[in-house]
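Student: Let me see the structure of the following:
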Amino acid sequence: MRLLLVHMVTLFSFLQVGAQVQSSAYNLTLKALLSHTVPEISVSKLKQQQGVIFVDAREWNEFRVSHIKNARHVGYDKFDINQLNSVSKSQKIVVYCSVGYRSEKISEKLEQAGYIDVSNLYGGIFEWINQGNPVVDEHEKVTENIHAYNRAWGVWLSKGIKVYDTN
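Tutor: Alright, predicted model coming up:
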């Protein structure tokens, strides 16, 4: 009976963690990877907000495969803040990448440029997809394909069809 209770508590704990971030290992990786220098927003909190501008900090080949609908691509290696010229400095902006590292760095740049309501999507587009939210391709058509960055990072993506090379 005691063993059954331990298994039930373990399962319940896993399910609760999975509702926010896929696994405790993923959560620990994110906590170690990110500097937490900008506000972070969870997928569940984000879904409660309206009027958000999504900013994709991944490279063009990743964005082409999959992105959050209506996201603005600014890139990382060739970051282009001019993509946000029409966005008010007070607009709610949520920046994302695959897991949150690149988007944290771009969020810092946006804050330095005077944007005052910038958040980093905790867990990135991987967490967005892992929680069952849709993404679109370069033609704004819903897709199951998701650019998984590389095979090492792709292990954190539990839903969708992983795409690694788009040449």
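Student: How about the contacts made by the spatially most central residue of the chain?
Tutor: The centroid of the chain falls nearest to G124 when counting by C-alpha atoms, centre = their mean (1.4 Å). The contact partners of G124, by C-beta atoms under 8 Å, 6 or more residues apart in numbering, come to 96-100, 103. Where you see a C-beta, it was placed from the backbone N, CA and C, and this is true even at glycine.
Student: Buried members of those residues into PyMOL, please.
Tutor: A single PyMOL command selects the buried members of those (16 or more other C-beta atoms under 10 Å):
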select buried, resi 96+97+98+99+100+103
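Student: ok, the contacts of G124 vs E62, which is closest?
Tutor: S98 (7.3 Å; C-beta to C-beta).
Student: quick one, what contacts the closest residue to that closest one other than its chain neighbours?
Tutor: Distances taken as C-beta to C-beta, 6 or more residues apart in numbering place Y149 nearest to S98, at 4.5 Å, with adjacent residues excluded. Counting by C-beta under 8 Å, 6+ apart, Y149 touches 58, 62, 98-99, 164.
Student: how long is stretch 86-94 end to end?
Tutor: Stretch 86-94 has an end-to-end distance of 16 Å (C-alpha to C-alpha, to the nearest Å).
Student: so which helix or strand takes in V55?
Tutor: Element membership for V55, per DSSP states H and E: strand 53-56.
Student: Sheet-wise, list the partners of that strand with their directions.
Tutor: When pairing is defined by DSSP bridges, strand 53-56 lines up against strand 72-73 (parallel), strand 93-96 (parallel).
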